[in-house]
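S.K.: give me a model of this one.
(one chain, ligands or ions: 1)
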Amino acid sequence: MFGIVDVPMTSDLRWTLAGDKPTGLFETCRQVVGKGRYRGLTFLEVESKTIINRVAKTRYFPFEYTINCYRGCSHACVYCFARPSHDYLGLGIGEDFDRKIVVKVNAVEMTRAQTAPRHWAGHSIAMGTNTDPYQPAEGKYRLTRGVVEVLAERANPFSLLTKSPLVLRDRHLLAEAARRAEVTVSFSVGTLDTDVWKRSEPGTPHPRQRLEAVRKLKGLGIPSGVLVAPLLPGISDAPRQVAEVMRACRDAGADFAAPIRLHLRPGVKEHYMEWLAEEFPDLVGTYHQLYGNRSYLPRPSPSGRRKSNPARQSPKPRTPASPKNGQGRLL
Ligand code: SF4
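M.R.: From the prediction side, this is the model:
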């Protein structure tokens, strides 16, 4: 979901493509052109030889096992850390990532096979670590729902991270799963500024819908919280803006609300900087100072104050270059 996971991706590439005897990665991939509410999307249906990935724990995320049913995400967040995973597949990290969604159509069967008691020790599984498990494609394929059904049946703990209230479709299933095992649903809400939201996450449902989803899930007894992320320097990280999100999280009854600053790894950084130059050109120099050759912002000093943050030290009003009202594509 955010630009903060550092995991090897190669295991996800061990695919047999849907179709007979593939001769190349996508030559025999079944391509499905989206219609109706999915117009503009292309679904690339593949079969995965494995669905549970074991990943290295990092200081950012304490999970070890993940499931990702989809590659690419039509939520189209400009800062999405997962974009380079499309590059591995020979697809572009820009529009291809937003529009060509790889669908592991056998995800549910694979989950059932890999979590069979004789193979699996019941480790917690994280979903949403790469792309959004409740992105629009889930409305068509219902793979996340199928995986959740298997995990609930097995009383296997899991977590979900999403930006979509589509998760409410499965609220009763999630409530049942939460009665049987440790289950957490997290939403990412980096801003409540409508202008920033439309510009930076043009395919996502409104952040207030996500907070409403937190409230509803909490009402069903499902542990739910918010990653206040990513905070975009000079755009959505002003104390006033962050405080507004934190207050809204509290009002929604969130179990937790954790601010996370933007990080920009190679590939994503170039993509983000192109967007920044178009939307907030006055901040380009500031970002070069902030990130330089780094992916992460400097850590705060022991006193709790960041050592160098030009955006904070010399705050400039952000000046959108070209307002694009109505860009948001809601579910
Ligand atoms: S919602 Fe989709 S595009 Fe946005 S950060 Fe998450 S995976 Fe990336």
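
S.K.: can you give me the strands for the protein?
M.R.: Ranges of strands in the chain, per DSSP state E, are 15-17, 30-33, 42-48, 52-54, 65-67, 70-71, 100-104, 125-127, 158-162, 183-188, 224-231, 257-261.

S.K.: least confident of the ones you listed, on average?
M.R.: Lowest mean pLDDT within those: strand 15-17, a mean of 47.

S.K.: mind putting the strands of the chain into TSV with distance to Val245 and mean neighbour count?
M.R.: Quick note: C-beta positions are derived from backbone N, CA and C, even for glycine. Shown next, in TSV, are the strands of the chain (distance: least, C-beta to C-beta, whole Å; neighbours: other C-beta atoms under 10 Å):
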stretch	distance to Val245	mean neighbour count
strand 15-17	38	18
strand 30-33	37	14
strand 42-48	33	20
strand 52-54	31	17
strand 65-67	26	23
strand 70-71	26	26
strand 100-104	28	25
strand 125-127	23	25
strand 158-162	16	24
strand 183-188	11	25
strand 224-231	5	24
strand 257-261	7	17
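
S.K.: dump the ones you listed to CSV, plus distance to the ligand.
M.R.: Formatted as CSV, the strands of the chain follow (distance: least, C-beta to the nearest ligand atom, whole Å):
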stretch, distance to the ligand
strand 15-17, 19
strand 30-33, 19
strand 42-48, 15
strand 52-54, 16
strand 65-67, 13
strand 70-71, 9
strand 100-104, 10
strand 125-127, 11
strand 158-162, 7
strand 183-188, 7
strand 224-231, 8
strand 257-261, 12
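
S.K.: turn those strands into a markdown table, including distance to Arg299.
M.R.: As requested, those are exported to a markdown table (distance: least, C-beta to C-beta, whole Å):
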| stretch | distance to Arg299 |
| --- | --- |
| strand 15-17 | 38 |
| strand 30-33 | 45 |
| strand 42-48 | 37 |
| strand 52-54 | 28 |
| strand 65-67 | 26 |
| strand 70-71 | 32 |
| strand 100-104 | 35 |
| strand 125-127 | 25 |
| strand 158-162 | 24 |
| strand 183-188 | 22 |
| strand 224-231 | 15 |
| strand 257-261 | 10 |
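
S.K.: Val183 against Ile222, yeah?
M.R.: Yes: between Val183 and Ile222 there is a contact under C-beta atoms under 8 Å: 6.5 Å.

S.K.: what residues are shared contacts of those two?
M.R.: Common neighbours of Val183 and Ile222 (criterion: C-beta atoms under 8 Å, 6 or more residues apart in numbering): Leu174.

S.K.: so which bits of the stretch 1-150 of the chain are right by the ligand?
M.R.: Met1, Cys73, His75, Ala76, Cys77, Cys80, Ala82, Thr131, Asp132, Gln135 (C-beta under 6 Å from any ligand atom).

S.K.: next up, the contacts around Gly96.
M.R.: No, residue 96 isn't Gly; it's Asp. Residues near Asp96 by C-beta under 8 Å, 6+ apart: Gly72, His86.

S.K.: likewise Gly219?
M.R.: Gly253.

S.K.: and the end-to-end length of stretch 87-102?
M.R.: 12 Å (C-alpha to C-alpha, to the nearest Å).

S.K.: actually stretch 215-232, sorry about that
M.R.: Termini of stretch 215-232 sit 25 Å apart (C-alpha to C-alpha).

S.K.: do stretch 94-105 as well
M.R.: End-to-end for stretch 94-105, by C-alpha to C-alpha: 23 Å.

S.K.: could you do stretch 255-263 as well?
M.R.: Stretch 255-263 stretches 25 Å from its first residue to its last (C-alpha to C-alpha).

S.K.: what's across from Val228 in the sheet?
M.R.: On the basis of DSSP bridges, Val228 is bridged to Pro259.

S.K.: which non-adjacent residue is nearest Ala137?
M.R.: Spatial nearest neighbour of Ala137, chain neighbours left out: Ile101 (4.9 Å); criterion: C-beta to C-beta, 6 or more residues apart in numbering.

S.K.: my read: that neighbour touches Gly40, true?
M.R.: No: counting by C-beta under 8 Å, Ile101 stays clear of Gly40, with 10.9 Å between them.

S.K.: hmm, back to that, to Glu212, which of the strands of the chain lies closest?
M.R.: strand 183-188 (10.0 Å; C-beta to C-beta).

S.K.: parallel or antiparallel, which strands does the closest one pair with?
M.R.: Looking at strand 183-188 with DSSP bridges, its partner strands are strand 158-162 (parallel), strand 224-231 (parallel).

S.K.: what does the first one rub up against?
M.R.: Here strand 158-162 makes contact (C-beta under 8 Å, 6+ apart) with 1, 63, 124-129, 132-134, 144, 148, 151, 167, 174, 177, 181, 183-188, 210, 227.

S.K.: with that, I have no additional questions.
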